[in-house]
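1. okay, predicted coordinates and the sequence, questions at the end:
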Protein chains: 2
Amino acid sequence: MSKQAASSPRLDLTADAPCCPPLAQRRVPAGTAAALAPAFKALGDPVRLQLMSMIASAEGGEACVCDLTPAFDLTGPTISHHLKTLREAGLVDAERRGTWVYYRARPALLRQLAALLTVEPTAAS
Amino acid sequence: MSKQAASSPRLDLTADAPCCPPLAQRRVPAGTAAALAPAFKALGDPVRLQLMSMIASAEGGEACVCDLTPAFDLTGPTISHHLKTLREAGLVDAERRGTWVYYRARPALLRQLAALLTVEPTAAS
DNA sequence: CGTCTGCTTAGACAAACGTCGAGACAGGTT
DNA sequence: AACCTGTCTCGACGTTTGTCTAAGCAGACG
């Protein structure tokens, strides 16, 4: 995919968080862009954005799939697919407890994304 | 596309900015998700993320296409296409001045996205 | 006026995405 | 054990995306 990835597209951002001076402050290097873009892409769908919010804002910090699915006019497999996308992007974590599966947010990555998008309150112009 | 948009998918977020309590604080309504997701999607590509950063961090707040294009191993039309995507997402603005076209960031939308992703320094868990 | 350079548009194509239905697996219940 | 319910995996189908080449438009310059 693309010819522009000259440097190694590996940063391990889901583990620790060494990165992220604001996007508008310093030019984001290719490696960082390649590592963080998937997270933004995962949030780039209305359904997943709502899912992310429902999970992150849920009481106790976790939400059951059985509560998430009926909130949309979509089939179970489709919701499951979107949750898998969020999981693979490192935005959420899943845990099975008895009959139900619970999802919880990973605040670290969310913080990185927020930090990257941060702009001075009244910077340029 | 999708059957889940029961409420009106119209919010006009690119104009003013009435929105955005943090994603983890209150459940994002469908309309807001539909309005903001395209911006995240636009940032969900490594090339566009770098372009966005190069534009936002450029001196004088603007960057010439002639400076952006040679930073990637991609053809001119491809860069132009990505810039159009950023423009249509409301993230940047373009202006032709003589021979060259200059792009500048729209901080308002960036701030909305950052606000949405904001999480308490040490909230839940 | 002709031509050159910078940027965008148009068309084409492979790859990825969003959705679904059918089926598989895990756990609880009878 | 047999069954039921909740969730995920698998394949399929139509749409969208990222990239390219070729062609078009806008200014600058000879």
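-> Looks like it came in fine. Residues are numbered from 1 along each chain as shown, chains lettered A, B, ... in the order given.

2. residue ranges of the helices in chain A, please?
-> With helices called from DSSP state H, chain A shows them at A:30-43, A:46-56, A:65-68, A:76-88, A:107-117.

3. the first one and chain B, any residue contact?
-> Meaning helix A:30-43. Yes. With Cβ under 8 Å from any Cβ of the partner chain as the measure, helix A:30-43 is seen reaching chain B through A:Ala30, A:Ala33, A:Ala34, A:Leu36, A:Ala37, A:Pro38, A:Phe40, A:Lys41, A:Ala42, A:Leu43. Placement of C-beta: from N, CA and C, glycine included.

4. just those that are near DNA strand C?
-> Within the set of those, contact with DNA strand C (Cβ under 7 Å from any atom of the strand) is found for A:Lys41.

5. OK, contacts around the residue positioned nearest the centre of chain A?
-> Here the mean C-alpha position of chain A is nearest to the C-alpha of A:Leu91 (Cα atoms, centre = their mean), at a distance of 3.6 Å. Contacts here follow Cβ atoms under 8 Å, 6 or more residues apart in numbering or on different chains; on that basis A:Leu91 touches A:Ala39, A:Ala42, A:Leu43, A:Met52, A:Ala105, A:Arg106, A:Leu109, A:Leu110.

6. let's see that with 7 Å instead.
-> Applying Cβ atoms under 7 Å, 6 or more residues apart in numbering or on different chains, we find A:Leu91 in contact with A:Ala39, A:Ala42, A:Met52, A:Ala105, A:Arg106, A:Leu109.

7. find the nearest non-adjacent residue to A:Ala42, please.
-> Spatially, and ignoring its direct neighbours in sequence, A:Ala42 is nearest to A:Ala89 (3.6 Å; Cβ to Cβ, 6 or more residues apart in numbering or on different chains).

8. surely that neighbour touches A:Phe40?
-> No. Counting by Cβ atoms under 7 Å, A:Ala89 stays clear of A:Phe40, with 8.8 Å between them.

9. more neighbours, these two?
-> With neighbours defined as other Cβ atoms under 10 Å in any protein chain shown, A:Ala89 and A:Phe40 compare such that A:Phe40 has more, 25 against 22.
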